[in-house]
Structure formats: C-alpha cells, structure tokens
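Asks: Mind looking at a prediction? Sequence and model below.
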Amino acid sequence: MGRYVARRLLQMIPVFIGTTLLIFLMMYALPGDPVRALYGEQSVDVSQIAAIKAEYGLDKPLWQQYINYLTGLPQGDFGTQIASRRPVAEVIGEAFPVTIRLTILAFVFTVLVGVSMGIVSGMRAGRKTDTSVLVITLALISVPSFVLGFLFQWLFAMQFGWVTPTVQDSMNVGQLLLPAIVLASLSLAYVARLTRTSIAENLRADYMRTAVAKGLPRRRIISMHLMRNSMIPVVTFLGIDIGSLMTGAIITEGIFNVQGIGNLVYLALSRREGATVVGIVTVMVLIYLFVNLLVDLLYAVLDPRIRYV
Amino acid sequence: MRGATHAPWAACAVALALVVTACGGGSGGGGSGDAGAVLSASWGDPQNPLEPANTNEVQGGKVLDMIFRGLKRYDPETGEAQDMLAESIETADSQNFTVTVKDGWTFSNGEKVTAKSFVDAWNYGASLRNNQRNAYFFGYIEGYDKTHPEEGEQSADTLSGLRVTGERTFTVKLTQKFSTFPDTLGYAAFAPLPRAFFDDHDAWVAKPVGNGPYAVDTYAKGSQISLRKWDGYPGDDKARNGGVDLKVYTDNNTAYTDLLAGNLDLVDDVPASQLKNVRNDLGDRYLNVPAGIIQTLAFPYYDEKWNRTGSEKVRKGLSMAINRKQITETLFVKTRTPATDWTSPVLGEDGGFREGLCGDACAYKPDEAKKLIREGGGLPGGKVTLTYNADTGSHKDWVDAVCNSINNALGDERACAGNPVGTFADFRNQITQQKMSGPFRAGWQMDYPLIQNFLQPLYYTDASSNDGKWSNKNFDEFVDRANQESDTAKAVGLFQQAEEVVRDNMAAIPLWYQNGSAGWSERLSDVELNPFSVPVYDQIKVS
C-alpha cells in the first residue's frame, strides 16, 4: 500500500510538468503581445514595454521563463499579475476558499441526493418511482446549467423571495446553497443513474442470493453487500466530477456573481493574464491528481479483492 | 457568458418594494434624501492598482473620482474645467505656468496638500520605472523625454519642467506652447498624492488615501470596496450621502438582475440584452447620454492605394454610404448616437463640439456616394475590407452592418467585407506594424474633455495615436496656432478650423458617439454621469 502510494506520487511529477508546460506554451502561443495589449488603444513607448517585460522576466527566452516559473512554484511563488502587480498566489488564495465551499456544498448535495435517488429507483427498478427518477434526471441532463440557474434565480429569488438573486457574500455558506444546487444538478443526475443501474444489476447477483439465504437482515444486506459493491462506478465518477465542479462553475458563478475560481479564470483569460491562468490550472491539476489517487485507494476499501502492492 | 433573462416586471416591482423597505433600515425614509444613507453600486474589478497615474479605465476611475480632487474639476454637466484646488494658474506665454494651490486642503489622513504633493505625484507618474499607464499625460512637460524616453532607459528621475517655488506654489514649463494645458489638469492622473503613497506604497495601494469627499473604509480586492463620506472634506462638493459600496460584478446582466430585485441601487452599464425592457423596468430611473467616446474608421495612409489624389472622394463616398441612423437605432438600440463631427457632444458648444460639422459627408446619400466613389477612381481593387478585432465589444455586428449598408448603397454585393482579427493584441500589433490594407476600426476615448484631445493625438503628423499616419500641413498649422493662442475661445475656433481640414480630406470616417448609461433604484435621486461616463456619486441623494 505504502509503496503503491509512493509510486503514484512519483508518477505525478511528469504529469504535472507536462500539463503545466502545455498550458504555458498555449498561453504563449496566443497571437499578440500581452504587455502591449495592456495599453489598449492608446499608444505606448517602446521603452515602457521593455521595462515591464524586464521586470517580469518576459524578455527572457521561453524555456527560461518556464524554468523560472517551475523553480518558483515549490516556494509558493506563482508569479505576478502584470497589470495589477499582485502575486498570483494571493489572487488565487482569495478565490479558492470560495470555490472550495461551493464545490463541497455541490459535492455533498450530489452524493446525498444523487445516491439516495439511485438506491430508491434501483431497488424499485421498472416501477413508478423508478420511472419518475429517470424522467427527472433526464430533464436535468438535457437542460443546460445556465437555464437552470436563471430559472432558480427567478423562482426562488424573484417569485418566492427566499434568497437574494445573487450571492452577496461569497464566503457565506447559506447564500452559496442555491448556486451549489444548480452546479450539482447535472452530476446529480449522472450519479443517480449510475447508482440505479449498478444497484439494479447487483440485486440479481449470486452473492445477494447467498446473503438472503443466510438469513441476514434486509438492512444489512443493502448497506454492506449491495451498496458497497455498487459504489465502485459511482466513486470513479465522483472523483473526476470534483474537478469539473471546481472548474466548471464559470457560468454558475457568473449568474450568481460568486467571486470564485471560475470568474477568476474567465477574467484572466479575457485579460490575457497568462501567469494567473497557468497558476489556476496548476492548482487544478494537483487537485485532480490527488483526488484520483484517493479514488483508487477507495476501491480497495470498497472491494476487498482489490489489493495494491 | 451573456444569457438573456427577463422576469416580468410586475413581480420585480413587488420584490423591489419589499426589499427596499427591508434594506432601508437606518435611513430616515423621507423623500428629500438622507445624508447618512449608504448606496450600493455595480463595479468591475479594476485591472490596475488604484494609482491615479495608472488608471485609465472607468472602474478604477470611479474610485479615484470619489477619493481625489485635483487642481481642476470637470463640471459634470458642461464638461467645463473649473478650479478645484487651484487658486490660480497663470501664464504669460502659454508655455510657462505658475500654479498656486488653495490653502486649507488636507488629505483624509490629515496631511496638508501642498505644491510638493502635486510635483511629487507628477514626477512619480512620469517616471518610466513606475510603469504608470498615464505617463504620457506628462509628455508636454519639459524633461519628459529624460524620465520617460521612447527607447532605452531613463536618464532622470524627475521632470526638469516642474519646480516647487513655495509651500503652495510651483511652476510648470512645457516643451511647446499649449494654451489649454490648465484645462487638462482635471484628469485623475494629475491628482496630488500624500507622503504615505511613497513611504509605504503597498499599504497605500491596499487602502488608498486621497483628498476627495470620500475615504476608503474597506477594500476587499476582487469583490467590494466600501467608501464612506469624509466629514473633514474641505471642498464645496461634499458628499450628499453617507457612502458608496462598490460591488464587483463579472456580468452586467447579473448586476441588472440585482438592481431589479432591490439588492443594488445603481448600475452604470445596462446590458445590451436588457435595453428593450429598460424603460418598462425602470421608467425614468434610466439615463442614456453620449460619452466622450467616438468610433471611427481610420485609413492606412502608408498604403498608396488610399493616399492618392482623388481618394478623399472615395473616403467621402464610403462615409455617405453608411446609414448611421439605422445602425445606431436598430443594432445599438440607441446606445450610440450618429456622429456629425470628429469630437464629442460632451465638450459642449463652448468646448468645440459643433453638431453637423461633417455635413452631408456624414449623411446617408447612396446615390451621391456611388457618384463620388466613381469620380475618385473607384474602390482600390474594386472592394474594401474593414479590419476589426473579434474578441471584444461585439464589433462583428456593426462592421457587418456597415458593410451591408455600403454594399446596398453601391449596388455591389462584394464591395465591402469585414476582416476579423482574432485578438485585440494581434489587431494592435498589425496596426503598429502598418500592415493594414484598408479601413480599420478605430475608437477614441478622450483623456480630458478638450477639443485638442480629439484632434492632436489622432491626426497631427506622427502623433501618438495617429495609427493611419495621416499627415496634413494645414491641419498641423492650425493645431500649432491653436496651442499658442492664449484666448480659450479663439483657440477652440482654431481647433475647429483644423477639424474642418480633417473633414475636407475625410481623414477618418466618423461613425457614432458611444453613450454611457445608468439605471438606479427608487431610493436614489440626482443621478448624473460625468463626461467620462462615471456616475457623480457625491451628488446622489439616498432616501
């Protein structure tokens, strides 16, 4: 187990370098000079451009810029925003707590509601409850998240007045609830369907018959035998999903005016702040890698036949 | 990002009424205004730190306009530059100025505003190493070529043209005669700075200190800045409300939704998708007035095709083939005003704006357009391409509309076509490298409301923003004479003569003036936009 984890951690290094390099190159490959673009329509002296480039090391060859970036990372140095002159680490540090809250809320919602919907409909496969869950999830999958966002905003804020239409304080968990539900709805539908299929299938498995034959209580059969075995595909999906919940919130964050990572990426991209984009992607890549490792380790917990050496 | 949402207005009005009473806690609830009440307004995260000489966009400008007062201030209504901190600005030769600062002004931290506060601030702004985006504002002051050379490193840290001669007086020496120079001093870049700015710059940027009617209370970067009325403000334009909370919105649709729901008092950028509903939603609480921004089509005069005898007829013909009225009304839903000169209505008649100066050349006359283009030798190569950047400002829509209009007027389906360039950065690159082969999108946002600013930087030979490299001796001469003229009215007259030269040659085709807009809640009254399209927050009354 320990050796497996160590090996996986080591494997992360080339993946990490590869992805950051790719993003770095992509930002660099965009046409036009980002420093010149800072000045918009106004004219600017050559000396000014040169001075700014020298200050941020943008006058160096690309490989050197990348190496500088990589060597700064372990010390928490993500570079500096050209226009605002703020350290990128600080900028990300402000938006991250918001996104983490939003993601955790959305994730918990997905797991709780999604899995229970899946179990209920899986246990009653083919009956009315099942059909209605299938219809609801179908609707959630086919409706784009921004439509749902505006719909909820209109319904809960404008009609019922339960919440404010936008998030007033991005750190307030209560206010983040509505955007979190909108954000979670798509994953929720997938999780419900995955769980349903898995449960419906495993209900007919041999070990289930054995468990029933042994005379185990029904609750124990479902929670220990059925659930545990049915969760593997769901956990795989959730592992990937946590990443897309974090980065995929751009539209939802926009609708509800949440000052999170999604908004930050959008702004950084429109302003061609390469360092910020690379910084955010770097953090995301790290999160993806660790969550994936966690998911793989979870397999062993769920299915005792899986052993990591 | 832009999705359209529109809730039935009746529901919104109900929600609005509910929330307004709920939000109004603490305010007196009277009709005339509560001097202690705080209003909330939409904001965008300013790209640059809030340094006066480093802010040239509206978002940062909003804050600077609240926390700073300079030597002059532009009247929100007429755009006229009036003395603020300046007791007097005297000159005998339009080149050497003596400035006397009024007594009794302090920064909100108690420090006195002296001549040195100005000189230090201007030197900071003009120094290359401080990377200030408005550095070019100091370009007329002697010694700028040393502190901010076009190429290479700076050889001086301070402007030799600035000298402190007393606690409240300093002199300014310019490199050329520039009679209207004092009128430029209302711009934020010329604001005075306290010592705290230089001594502990990081702390200052985190919480700016100025000398305006408001002081920064809290500043959470990226989400909100809270400004509160500064009770010790010595000026006459004291804030009429208790303060302003500027909230960051990444999407102006969201801000508009919040306004309708009563969570926000003021939006100064009504989203295009809501323009059809805005009268229904807000009634009279909506403002849509021309701003100091003009959109034009510039021409590449370095390309011989556009710089031969007779090509001014082609340009004039193109101008007359554009149906400005129709495009501004249908495509822009009246958020643009058809241009009839090369300046902007914000200047006012006295400032040099002359409606209809362009005359027939800016009117839609398809038959004459056709005739003129034929007389001028036809379109170079039989067609024109309009180059624009496709990433910002939805330029594609209006470029296509302009081309359509030209094609219809000329009766040739292929006379005009748009030529999108992927990014703005690339678009600028191609312009500076003189790679344009036909007309291209140009826009000018004024630095200060002076006719000089609409002409000299754009059309003077080799001027900083003369992207098309247009050059005309007569024009240059009129501008030079205007700058030497000490009488403002006469100077403006000379600038208008220069503008007539631009018209006669159709150096650039004026398209339309951009409008600034604002919508507000029922709590507010006396909302106005200044010439820079920034709401005049200190005048707003909150009930």
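Replies: Ah, there it is.

Asks: near chain B, which residues of the stretch 51-200 of chain A show up?
Replies: A:51-52, A:55, A:83-86, A:91, A:94-95, A:146, A:150, A:153-154, A:157-159, A:161, A:164-166, A:168, A:170 (C-beta under 8 Å from any C-beta of the partner chain). Glycine gets a C-beta too; all of them are placed from N, C-alpha and C.

Asks: pLDDT weak spots in the chain?
Replies: Defaulting to chain A. A:31-32, A:40-42, A:248, A:309 (pLDDT under 70).

Asks: wrong one, chain B
Replies: For chain B (pLDDT under 70), the answer is B:1-33, B:392-393.

Asks: let's see it at 80
Replies: Along chain B, segments meeting pLDDT under 80 span B:1-35, B:56-57, B:77, B:272-273, B:391-394, B:423-425, B:464.

Asks: and the longest helix for it?
Replies: For chain B, the longest helix by residue count, based on DSSP state H, is helix B:488-505.

Asks: Which is the succeeding secondary structure element to it?
Replies: strand B:508-520 (DSSP states H and E).

Asks: next SSE after that following strand?
Replies: strand B:524-525.

Asks: quick one: the longest helix of chain B to strand B:508-520, angle?
Replies: Counting by axes from the mean of the first three to the mean of the last three C-alpha atoms, to 10 degrees, helix B:488-505 lies at 120 degrees to strand B:508-520.

Asks: from the residues of the stretch 51-200 of chain A next to chain B, which ones fall inside helices?
Replies: A:51, A:52, A:55, A:91, A:94, A:95, A:146, A:150.

Asks: what kind of secondary structure is the residue nearest to the fifth one when sequence neighbours are not counted in?
Replies: Going back to what we said before, that points to residue A:94. Counting by C-beta to C-beta, 6 or more residues apart in numbering or on different chains, the nearest residue to residue A:94 once its immediate chain neighbours are dropped is residue B:222, at 5.8 Å. Three-state assignment for residue B:222 (DSSP: H, G, I helix; E, B strand; the rest coil): coil.

Asks: What's the local residue count around the residue of the stretch 401-543 of chain B found nearest chain A?
Replies: Here the stretch 401-543 of chain B gets closest to chain A at one residue, residue B:425, 2.4 Å apart by C-beta to the nearest C-beta. When counting by other C-beta atoms under 10 Å in any protein chain shown, one arrives at 22 neighbours for residue B:425.

Asks: Tell me how far it lies from residue A:274.
Replies: For residue B:425, the distance to residue A:274 (C-beta to C-beta, to the nearest Å) stands at 12 Å.

Asks: what residues are shared contacts of those two?
Replies: residue A:34 (C-beta atoms under 8 Å, 6 or more residues apart in numbering or on different chains).

Asks: Show me which residues of the longest helix of chain B are buried.
Replies: For helix B:488-505, burial by neighbour count (16 or more other C-beta atoms under 10 Å in any protein chain shown) applies to B:488, B:491-503, B:505.

Asks: quick one, phi/psi of residue B:67?
Replies: Dihedral angles of residue B:67 (phi, psi; degrees, to the nearest 10) stand at phi -100, psi 0.

Asks: Could you double-check that it sits in contact with residue B:214?
Replies: Yes: between residue B:67 and residue B:214 there is a contact under C-beta atoms under 8 Å: 5.5 Å.

Asks: Common neighbours of these two, please.
Replies: Joint contacts of residue B:67 and residue B:214 (C-beta under 8 Å, 6+ apart) are residue B:227.

Asks: is any part of stretch B:176-195 close to chain A?
Replies: No: Stretch B:176-195 stays clear of chain A (C-beta under 8 Å from any C-beta), getting no nearer than 12.2 Å.

Asks: starting at the chain centroid, how far to that stretch?
Replies: Distance of stretch B:176-195 from the chain centroid (C-alpha atoms, centre = their mean, to the nearest Å) equals 16 Å.

Asks: Would you mind measuring the gap between the ends of that stretch?
Replies: 31 Å (C-alpha to C-alpha, to the nearest Å).

Asks: In a helix, the residue of the stretch 401-543 of chain B closest to chain A, correct?
Replies: Yes: judged by three-state DSSP, residue B:425 forms part of a helix.

Asks: Residue B:456: neighbour count?
Replies: Neighbours of residue B:456 (other C-beta under 10 Å): 23.

Asks: Excluding chain neighbours, what is closest to it?
Replies: Among residues not flanking residue B:456 along the chain, residue B:479 sits closest, at 5.5 Å (C-beta to C-beta, 6+ apart).

Asks: Distance-wise, check that neighbour relative to residue B:467.
Replies: 18 Å.

Asks: In this structure residue B:197 contacts residue B:207, no?
Replies: No: in this structure, residue B:197 is not within contact of residue B:207 by C-beta under 8 Å, at 11.5 Å.

Asks: Just the buried residues from the residues of the stretch 51-200 of chain A next to chain B, in PyMOL please.
Replies: To isolate the buried ones among those in PyMOL, judged by 16+ other C-beta under 10 Å, type:
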select buried, chain A and resi 51+52+83+84+85+86+91+94+95+146+150+153+154+157+158+161+164+165+166+168+170
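
Asks: follow-up on the earlier one: residue B:166: which of the buried residues of helix B:488-505 is nearest?
Replies: residue B:488 (26.8 Å; C-beta to C-beta).

Asks: got the phi/psi numbers for the spatially closest residue to that closest one that is not a sequence neighbour?
Replies: Take residue B:488 and drop its neighbours on the chain: the residue closest to it by C-beta to C-beta, 6+ apart is residue B:180, 6.5 Å away. Note on residue B:180: backbone dihedrals following degrees, to the nearest 10 are phi -90, psi 10.

Asks: when you scan stretch B:52-68, is anything in it near chain A?
Replies: Yes: Stretch B:52-68 reaches chain A (C-beta under 8 Å from any C-beta) through residue B:56.

Asks: That stretch: how far from the chain's middle?
Replies: 12 Å.

Asks: Would you mind measuring the gap between the ends of that stretch?
Replies: End to end - C-alpha to C-alpha - stretch B:52-68 spans 9 Å.

Asks: Give the buried residues for stretch B:335-355.
Replies: B:335-348, B:351-354.

Asks: Name all residues that make contact with residue B:449.
Replies: Here residue B:449 is in contact with B:74, B:79, B:81, B:292, B:344, B:346, B:347, B:351, B:531 (criterion: C-beta under 8 Å, 6+ apart).

Asks: So which residues on the stretch 151-300 of chain B come close to chain A?
Replies: Contact residues, the stretch 151-300 of chain B versus chain A (C-beta under 8 Å from any C-beta): B:151-154, B:221-223, B:248-251, B:254-255, B:257-258, B:260-261, B:263.

Asks: who touches the helix or strand harbouring residue B:122?
Replies: Residue B:122 is part of helix B:115-126, with elements assigned from DSSP H and E. Helix B:115-126 has contacts (C-beta under 8 Å, 6+ apart) with B:52-54, B:71, B:99, B:101, B:107, B:111, B:130, B:132, B:134-135, B:137-138, B:141, B:144, B:147-148, B:157-159, B:162-170, B:189-194, B:197-198.

Asks: same deal with stretch B:224-244?
Replies: Under C-beta under 8 Å, 6+ apart, the answer for stretch B:224-244 is B:33-41, B:43, B:63, B:66-67, B:69, B:73, B:84, B:104-106, B:108, B:212-219, B:245-248, B:526, B:537-542.

Asks: Is it correct that residue B:287 falls within a strand?
Replies: Yes: assessed with three-state DSSP, residue B:287 lies in a strand.

Asks: Show me the beta-bridge partners of it.
Replies: residue B:518 (DSSP bridges).

Asks: thinking it is in contact with residue B:530, fair?
Replies: No: in this structure, residue B:287 is not within contact of residue B:530 by C-beta under 8 Å, at 11.8 Å.

Asks: more crowded one of the two?
Replies: Higher neighbour count among residue B:287 and residue B:530: residue B:530, with 23 against 18, using other C-beta under 10 Å.
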